[in-house]
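Engineer: give me a model of this one.
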Amino acid sequence: MKCSLCNRNEANQTGAHIFPAWMIASAFDEFGRSRGYEIIYAIRPFNFKVPYFGNSVQPEKISEQIGRDLTDSEIQEQENFMITNNLWCKDCEKRFKILEDYFLENVDRKIVDFSKCNDIGIYELEKANPYLIRLFFYTLFFRASVSGLMSFRLHEKTLIKLRYFLNYYVKDDAISTIKFIDTSTYKDQILKYPIRCFKLESDPTESKGWVFVSNKHSKPYCFIINDYIIQFYGKGNRANFRPESFFGISSIITRMPKVRNYKENIFIIGLFNLRLSNIVIRRYVDYMAKKEIEYFSKLFRTLFNWKFKHFPDELITKIFIKELIDNDLPKGTKYNKENFVKAMNRTLSILNQLQLTQSY
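Structural biologist: Residues are numbered from 1 along each chain as shown. All right, here's what the predicted structure looks like:
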């Protein structure tokens with residue numbers, strides 16, 4: 001299989017992070033360590049698997065999450081969905097890292113002081129190269145799309161254009177990349193896609209990060225990668241940012257000064273302080289909890305109909321959801337198949353006791 005970026009070399013890079021390790025480390029480990037210490041909960045429709053545990057996570061930590069040791073079959077099924085294999089080559093992985101390192105040193109580590117941020121703020125990256133910042137973001141969009149992370153897909157024309165930018169402009173190191181871009185006649189084509197980026201203040205004592213991408217929010221595409229929210233259009237200035245809710249983020253943005261980057265000389269990043277960041281995170285958690293309830297309600301109704309040849313009413317479904325979630329089970333196994341079946345059986349027992357319907 002050929003590399004999905006250069007399309008020349010064999011796709012021989014294994015164990016590659018879809019997003020940089022430094023960018024997501026604190027989302028999955030309370031101490032912000034990278035590979036090996038992750039504890040990742042994948043919220044997917046009808047996902048009954050235990051969380052992913054990195055190979056350096058201690059047994060007592062695993063027991064804390066799932067109430068026991070992993071079984072042999074669970075160890076075999078462990079999957080880190082933030083890592084991919086054989087989608088691009090080792091040479092292109094090195095080029096990704098050039099941009100990752102540049103962004104880390106010249107952007108991420110520069111934006112650490114939120115003390116002057118009154119809920120929201122603006123940071124102008126006057127000394128950072130806007131072309132390299134954008135190329136870094138394009139690697140995120142590209143990798144998420146070719147890996148199908150959370151079923152994400154860029155429009156094909158946009159994907160082709162981003163692939164071209166990364167292949168043509170990114171050289172063997174940051175200095176040669178900047179020199180090449182500076183002398184390029186059509187370099188401003190890199191800047192023609194509107195982007196908004198926000199950095200969220202985080203509490204260093206807590207690990208409650210998140211990674212979210214979705215095709216639902218395609219105008220613009222919306223990414224949440226731990227401390228960063230990124231909105232991206234693939235159609236230049238012809239499209240305006242739509243005021244979608246997006247966990248309340250859009251309503252916050254409308255109160256901010258202009259933070260859109262388009263054919264910019266200086267890249268601008270918006271800031272959310274800790275209070276506002278926590279509000280956004282809570283809205284996201286509430287949204288995902290609602291989605292999980294919808295998933296399990298749908299599955300319960302389907303199985304109920306299969307067994308009794310009619311669908312349960314709203315009251316019966318609410319009884320089941322209460323039995324499923326209102327307990328002290330470890331969160332890592334709370335929604336596995338065994339506990340799902342137990343919750344369903346308890347529901348049927350309650351129905352028989354209450355005689356809500358015919359015999360169950």
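
Engineer: and the helix or strand encompassing K61, what does it pack against?
Structural biologist: Assigned by DSSP states H and E, K61 belongs to helix 59-66. Under the contact criterion of 3 or more C-beta pairs under 8 Å, 6 or more residues apart in numbering; DSSP states H and E, helix 59-66 touches strand 52-53. Heads up, the C-betas are built off the backbone N, CA and C, glycines and all.

Engineer: after the helix or strand that contains D101, which helix or strand is next?
Structural biologist: In the assignment (DSSP H and E), D101 maps to helix 90-106. Later in the chain than helix 90-106, the nearest helix or strand by DSSP H and E is strand 120-125.

Engineer: let's see the pLDDT reported for E93.
Structural biologist: We have a pLDDT of 96 for E93.

Engineer: and what of I43?
Structural biologist: pLDDT at I43 comes out at 60.

Engineer: where do the helices sit along this protein?
Structural biologist: 21-28, 59-66, 72-77, 90-106, 130-147, 156-169, 174-182, 249-253, 274-308, 314-325, 337-354 (DSSP state H).

Engineer: so T347 touches I319, yeah?
Structural biologist: Yes. Counting by C-beta atoms under 8 Å, T347 touches I319, with 5.3 Å between them.

Engineer: helices and strands of this protein: which one bottoms out on pLDDT?
Structural biologist: strand 39-40 (a mean of 63; mean pLDDT, DSSP states H and E).

Engineer: quickly list the domain ranges of the protein.
Structural biologist: The chain breaks down into these domains under automatic domain parsing: 81-272, 285-354.

Engineer: and the last one, average pLDDT?
Structural biologist: Regarding domain 285-354, the rounded mean pLDDT is 88.

Engineer: please name the nearest non-neighbouring residue to I24.
Structural biologist: The spatial neighbour of I24 that comes closest, neighbours along the chain excluded (C-beta to C-beta, 6 or more residues apart in numbering), is N226 at 5.2 Å.

Engineer: how many neighbouring residues does the one you found have?
Structural biologist: 21 (other C-beta atoms under 10 Å).

Engineer: that one contacts F212, correct?
Structural biologist: No. Using C-beta under 8 Å, N226 makes no contact with F212, being 10.1 Å away.

Engineer: anything in contact with each of these two?
Structural biologist: Overlap of the contact sets of N226 and F212 (by C-beta atoms under 8 Å, 6 or more residues apart in numbering) is empty.

Engineer: endpoints of stretch 182-198, how far apart?
Structural biologist: 27 Å (C-alpha to C-alpha, to the nearest Å).

Engineer: now swap in stretch 100-113 and tell me
Structural biologist: Stretch 100-113 has an end-to-end distance of 21 Å (C-alpha to C-alpha).

Engineer: can you list the residues that contact it?
Structural biologist: Taking C-beta under 8 Å, 6+ apart as the rule, stretch 100-113 contacts 20, 22-23, 123, 125, 127-129, 132-133, 136, 139, 174, 199, 269, 271.

Engineer: what is the mean pLDDT for it?
Structural biologist: Per-residue scores along stretch 100-113 average to 95.

Engineer: centre of the chain to it, how far?
Structural biologist: Relative to its parent chain, stretch 100-113 has a centroid offset of 20 Å by C-alpha atoms, centre = their mean, to the nearest Å.
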